[in-house]
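> starting from these lines, generate the structure:
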Amino acid sequence: MSNHHQNAVVLFSGGLDSTTCLYWAKSQFAHITAISFRYGQRHSSELIAAEKISKILGIAHHIIDIDIAKLGGSALTDPNLSVPDYDQSVIYDDSQRVAPITYVPARNTIFLSYALAVAEVSKASAIVIGVSSVDYSGYPDCRPDYIAAFEQLANLATVAGRQGHRLSIIAPLQHLSKAQTLKLGLSLGVDYAQTVSCYQADGDGRACGVCDSCHLRKQGFADAGIIDPTHYQHAPKSQ
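Below you'll find the model as predicted:
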């Protein structure tokens, strides 16, 4: 069924994955609302990137202020915890019992709940989220069963859902590697130099080059055979 006459809400961080999803959604839906969150993360560079990209695409963009940093439990929100460098000895899979220190407890559930409210108000038929269970950091709320469960909840929890106006939670990148995601984005016209994925980017949006997110991003460009346009704080070491 065609989506070209439907509305969608996109969870948009300004990073590689969510920017790919934003461009993908723009090609699929009639009207897009992009939402980002100022939730107490380490830096605002990603939000600045999100604003710029949304303006380029002419997409309505809203930054929602929430405070989950005070709950602690994540190196992305707690100044007393350090973001670790990528460790190649750590393998993330479904058997892992301890979440990475960069996992923000319940973040995707909180974000999707806000997106659900925006979707109901804007009469959207879909929420688009840039999670992947291929090249990822082992977060439990990136997996297909979680996305399917939230979709079921969404249709039970809203007036629209109860009235038969079904809402879909779409994860276009769910089964794509970073290399495949990059190729999809480039086919849609994404300029990845504008995106910020780093867990500890500086005020100019330059990436650290050593965190887990930076490693996945760099490896994706290498695997895809694409020149990495990322702005780094220091010249990246050769792979």
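> from here on, just use CA atoms for contacts and neighbour counts.
OK.
> so I66 touches Y39, yeah?
Yes: I66 is within contact range of Y39, at 4.9 Å (criterion: CA atoms under 8 Å).
> who has more neighbours, those two?
Y39 (18 against 12; other CA atoms under 10 Å).
> ok, for A119, nearest residue in space, not its chain neighbours?
V9 (6.0 Å; CA to CA, 6 or more residues apart in numbering).
> what kind of secondary structure is that neighbour in?
Three-state call for V9 (DSSP: H, G, I helix; E, B strand; the rest coil): strand.
> avg pLDDT for the helix or strand containing L182?
Using DSSP states H and E, the element containing L182 is helix 178-188. Average pLDDT, helix 178-188: 97.
> switch to numbering from 37
Shifting the count to begin at 37 puts that one at helix 214-224.
> give me the residues contacting it.
Residues from elsewhere that reach helix 214-224, judged by CA atoms under 8 Å, 6 or more residues apart in numbering: 53, 56, 59-60, 171, 209, 252-253, 255-260.
> and it, what's buried?
K214, A215, Q216, T217, L218, K219, L220, G221, L224 (16 or more other CA atoms under 10 Å).
> now do stretch 238-255
Neighbour-count burial for stretch 238-255 [16+ other CA under 10 Å]: 238, 241-255.
> where is pLDDT lowest across those?
Among the buried residues of stretch 238-255, D248 has the lowest pLDDT, at 89.
> that residue touches S173, doesn't it?
Yes: in this structure, D248 is within contact of S173 by CA under 8 Å, at 7.2 Å.
> quick one, helices of the chain?
52-64, 81-93, 143-157, 180-193, 195-198, 214-224, 248-260 (DSSP state H).
> CA atoms only for the fourth one, dumped as CSV, please.
As requested, the backbone C-alpha atoms of helix 180-193 are provided in CSV (Å, rounded to 0.1, in the frame of the first residue of the first chain):
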residue,chain,number,x,y,z
PRO,A,180,12.8,-6.3,16.1
ASP,A,181,10.8,-7.9,18.9
TYR,A,182,10.9,-4.6,20.8
ILE,A,183,9.7,-2.6,17.8
ALA,A,184,6.9,-5.1,17.2
ALA,A,185,5.8,-4.9,20.8
PHE,A,186,5.7,-1.1,20.9
GLU,A,187,3.6,-1.1,17.7
GLN,A,188,1.1,-3.3,19.4
LEU,A,189,1.1,-1.1,22.4
ALA,A,190,0.6,2.0,20.3
ASN,A,191,-2.5,0.6,18.7
LEU,A,192,-3.9,-0.3,22.0
ALA,A,193,-3.1,3.0,23.8
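> can you find the helix or strand of the chain with the lowest average pLDDT?
helix 195-198 (a mean of 91; mean pLDDT, DSSP states H and E).
> out of the buried residues of helix 214-224, who's nearest I84?
Nearest to I84 among these, counting by CA to CA, is G221 at 19.9 Å.
> that closest one and D53: what is the separation?
9 Å (CA to CA, to the nearest Å).
> right, I'll leave it there.
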